[in-house]
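1. Model the structure of this input:
(chains A, B, C and D)
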There are 2 protein chains.
Amino acid sequence: MVTIADVAKKAGVSKGTVSSVFSKKRPISVEVTERVLNVAKELNYVPNHAARSLAMKKNMIIGLKMPTLDTELSSFDLKVINGVVKKCTESGYRVLLDRVYENEESAIFSRDPVDGVILLNPKEEDPRIVQYKQLNLPFVLIGRPDQEDTYTKFVDNNNTEIVKEVGEFLIENGHQDILFLNASYGMTVAEDRMEGLKRAYENFGLPFKEENVVYNNQEKYKCASDYGFNSLLDTFHVKKYTAIIADTDRVALGVLRAARELGINIPSDLSLIALSNNETLALETTPKLTSIELFPEKLGEEAAEILINVLNDQLAPRQKIIPAKLVIRDSCRKPSLTR
Amino acid sequence: MVTIADVAKKAGVSKGTVSSVFSKKRPISVEVTERVLNVAKELNYVPNHAARSLAMKKNMIIGLKMPTLDTELSSFDLKVINGVVKKCTESGYRVLLDRVYENEESAIFSRDPVDGVILLNPKEEDPRIVQYKQLNLPFVLIGRPDQEDTYTKFVDNNNTEIVKEVGEFLIENGHQDILFLNASYGMTVAEDRMEGLKRAYENFGLPFKEENVVYNNQEKYKCASDYGFNSLLDTFHVKKYTAIIADTDRVALGVLRAARELGINIPSDLSLIALSNNETLALETTPKLTSIELFPEKLGEEAAEILINVLNDQLAPRQKIIPAKLVIRDSCRKPSLTR
DNA sequence: AGAATTCATAAAACCGGTTTAATAATTGAG
DNA sequence: CTCAATTATTAAACCGGTTTTATGAATTCT
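-> A predicted model of the protein is given here:
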């Protein structure tokens, strides 16, 4: 491996001079600069990252902590990654992807070679958050922190508001028996969304029934589609819902599949709305899915931007809410037909 | 920041001793070990990654070079990532995710803090390969290298064989006018697959028509589905194909959409096979897609395993071929109906 | 018992950069 | 023309670990 000392020697200057030529942090005469650059090129010199990190106390890497290895990454996660990588690349940062097993002893053999961290899928009282606070490592959440935590910076969708909007949309169109296929129990996002639906009912002075909210069980259903499929199959003979809100498009696909099997027509017999994490999929189904567009890429970008600002001692907001968007397509009974 | 010197001082021992306590590379008495560990815990000491990397000349990080930032990551890519991360985590390595702009000056400001690299989506005469060879950095390809390159290690699907199998399957079922919606022109995978279809025709003594192979144009079609959709729409009035091989499930979804619009029945009027990159999707369509399962996660795992073996000076095969699998579902005319 | 060996630990050198303090060369002001 | 101020460069210190070499104490061998 060719080092800065090799370059310095061959160019007849000191290490410090070579360093300055590359970093441009102090003026070096044109002739010396040129000589050094030529030698460096000739020797195929590339600075050693570890040495530089050590000296500068900066890694120029940010960590992206994904959900556990047990569950598969969703296309929502994928787009978040996309956004993070994009923003980081622009700012000269690299991304270290990490996935942790759920019940892993958070055995830290060495501090991650990162300057800051972006955390996905926070749980209530997430132990990782405690850890990073203790380590004094800057971090940003995607999702929201615990209610009483007023310190942690985060980026999130307006989950409560958007589900409230969905609920009101359905209620306005004559639905009252709405089945909500929610995310897994205990996730902050599931709580927030449930709260949104509740508010929609309250806003119309209607009673909200908690038993109409179901939570995903990742152990029971190996893929999201089955969650939708089985949920409709199981409840169909017990109670007739007129509308279903599905946690993801995949779940909605499962509902569609079950509906076909049961001879239920969507949208005339049953309305369906997906909290989309994969917008393009909603266009491929028959009928096309009315859905909520979530902008996961934007989530990733904003989280990265906040973190990078923090790392550079620049001002950054404590939170950023990305508004979701209700896109009406063909899987809900049209208002015009109901009046 | 707490350093190893702080721990050493407080515990009344030397830096080297503390180092040995953690690395266990030389024997330390029980009492000293205990004292050091207690102090370390008390001070909240975590070793500095950069310093360790510098001293050991090992980063314990491998780089994953993704396709350009311009195009979106596919779920195929996602699963590859999954596989790589999984295997690396098991072996104590971390993954640095990198995406490069297509026409970027490969400006290397500093050597990546990685011990080796996994390269995705190689092109013919890929400049990145030249670069890594020159840098003398171990790397493994996912996809195949140029034909004359007998040095580069790689992991790949049996693209030629599997498309040959698909072609023969269709021909046996009475199809001769087969439209192949291939990947982008210039990718090794597109070449290999085309070759496979050609061999299928040759094997049956039938003439193979190159004009029946179409290549994706990422600039023209913003999403893969449109590639399938427009291709069927455009060719339908010109030439009647009896079967279509689609590059991905998304492309197949587009074909299905176009077929519905044109009133073409699948499979009775037109057979459809997808080279799947997202197996679960094939089950959600009506009819369920006959498809090729590709095991991208396995691809990632194997690539990581080879690379890690190389990094540890262990034997590793130069290539590993992951056989794909033809899964027959409902989107092809059944043999029984054709005879 | 005295020399040889083993063992636990300390001290110092090293990894490859950056940065600070010191020095030599150049310019400017009086 | 001299002395101070500025500029370009070097030498040395430093970042926080690991590893090699040295050292003193304990153990084993004749």
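
2. Quick one: the strands in the stretch 151-300 of chain A, in order.
-> Ranges of strands in the stretch 151-300 of chain A, per DSSP state E, counting those that start in this stretch, are A:153-157, A:178-184, A:213-216, A:243-246, A:271-275, A:290-293.

3. can you tell me which residues contact residue A:222?
-> Residue A:222 makes contact with no residue under the criterion CB atoms under 8 Å, 6 or more residues apart in numbering or on different chains. In this view, the C-beta of every residue, glycine as well, is placed from N, C-alpha and C.

4. same deal with residue A:240?
-> Neighbour list for residue A:240: residue A:177 [criterion: CB under 8 Å, 6+ apart].

5. Can you report phi and psi for it?
-> phi -90, psi 110 (degrees, to the nearest 10).

6. Surely residue A:22 is within a helix?
-> Yes: counting by DSSP: H, G, I helix; E, B strand; the rest coil, residue A:22 falls inside a helix.

7. so what's it closest to, chain neighbours aside?
-> residue A:47 (6.8 Å; CB to CB, 6 or more residues apart in numbering or on different chains).

8. count of neighbours near that neighbour?
-> Residue A:47: 19 surrounding residues under other CB atoms under 10 Å in any protein chain shown.

9. Next: residue A:41.
-> Residue A:41, neighbours per other CB under 10 Å, totals 10.

10. secondary structure element for it?
-> Using DSSP states H and E, residue A:41 maps to helix A:30-43.

11. can you check residue A:141 too?
-> Going by DSSP H and E, residue A:141 is part of strand A:139-142.

12. can you check residue A:83 too?
-> helix A:75-90.

13. Would you mind writing the CA trace of the following helix or strand past that helix as PDB?
-> Per DSSP H and E, the first helix or strand lying C-terminal to helix A:75-90 is strand A:94-99. Taking Å, rounded to 0.1, in the frame of the first residue of the first chain, the C-alpha atoms of strand A:94-99 are listed here in PDB:
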ATOM      1  CA  ARG A  94     -21.700   7.100   3.000                       C
ATOM      2  CA  VAL A  95     -24.300   4.800   4.400                       C
ATOM      3  CA  LEU A  96     -23.600   1.900   6.600                       C
ATOM      4  CA  LEU A  97     -26.600  -0.500   6.600                       C
ATOM      5  CA  ASP A  98     -27.200  -2.400   9.700                       C
ATOM      6  CA  ARG A  99     -29.900  -4.900  10.700                       C
END
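
14. list the contacts for the residue nearest to residue A:75 when sequence neighbours are not counted?
-> Closest residue in space to residue A:75, ignoring its immediate chain neighbours: residue A:278 at 4.6 Å, by CB to CB, 6+ apart. Shown in contact with residue A:278 (CB under 8 Å, 6+ apart): A:75, A:76, A:248, A:249, A:250.

15. export those residues to a markdown table and tack on neighbour count?
-> As requested, those are exported to a markdown table (neighbours: other CB atoms under 10 Å in any protein chain shown):
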| residue | neighbour count |
| --- | --- |
| A:75 | 24 |
| A:76 | 20 |
| A:248 | 26 |
| A:249 | 29 |
| A:250 | 25 |
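
16. nearest to chain B, of these?
-> residue A:75 (6.1 Å; CB to the nearest CB).

17. Now do that closest one against residue A:249, distance only.
-> 9 Å (CB to CB, to the nearest Å).

18. who touches both of these two?
-> Common neighbours of residue A:75 and residue A:249 (criterion: CB under 8 Å, 6+ apart): A:277, A:278.

19. Near the closest residue to residue A:74 other than its chain neighbours, how many other residues are there?
-> Once flanking residues are discounted, residue A:74 sits nearest to residue A:277: 6.1 Å by CB to CB, 6+ apart. Each residue near residue A:277 was counted by other CB under 10 Å, and the total is 24.

20. Touching, residue A:277 and residue A:251? I think so.
-> No: Residue A:277 is beyond contact range of residue A:251, at 10.0 Å (criterion: CB atoms under 8 Å).

21. Which residues of chain A lie near DNA strand C?
-> A:1, A:3-5, A:15-16, A:18-20, A:22-23, A:25-26, A:45, A:47-48, A:51-52, A:54-56 (CB under 7 Å from any atom of the strand).

22. ok, and the helix or strand in chain A with the lowest average confidence?
-> In chain A, the helix or strand scored least confidently by mean pLDDT, DSSP states H and E is helix A:335-338, which has a mean of 52.

23. element containing residue A:309?
-> helix A:296-311.

24. packing partners for that helix?
-> Packing contacts for helix A:296-311, counted by 3 or more CB pairs under 8 Å, 6 or more residues apart in numbering or on different chains; DSSP states H and E, involve strand A:61-66, helix A:75-90, strand A:116-120, strand A:139-142, strand A:153-157, strand A:319-322.

25. Let's have those in CSV, adding mean pLDDT.
-> Listed next are the helices and strands packed on helix A:296-311 as CSV, based on pLDDT from 0 to 100:
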stretch, mean pLDDT
strand A:61-66, 92
helix A:75-90, 90
strand A:116-120, 95
strand A:139-142, 96
strand A:153-157, 97
strand A:319-322, 98
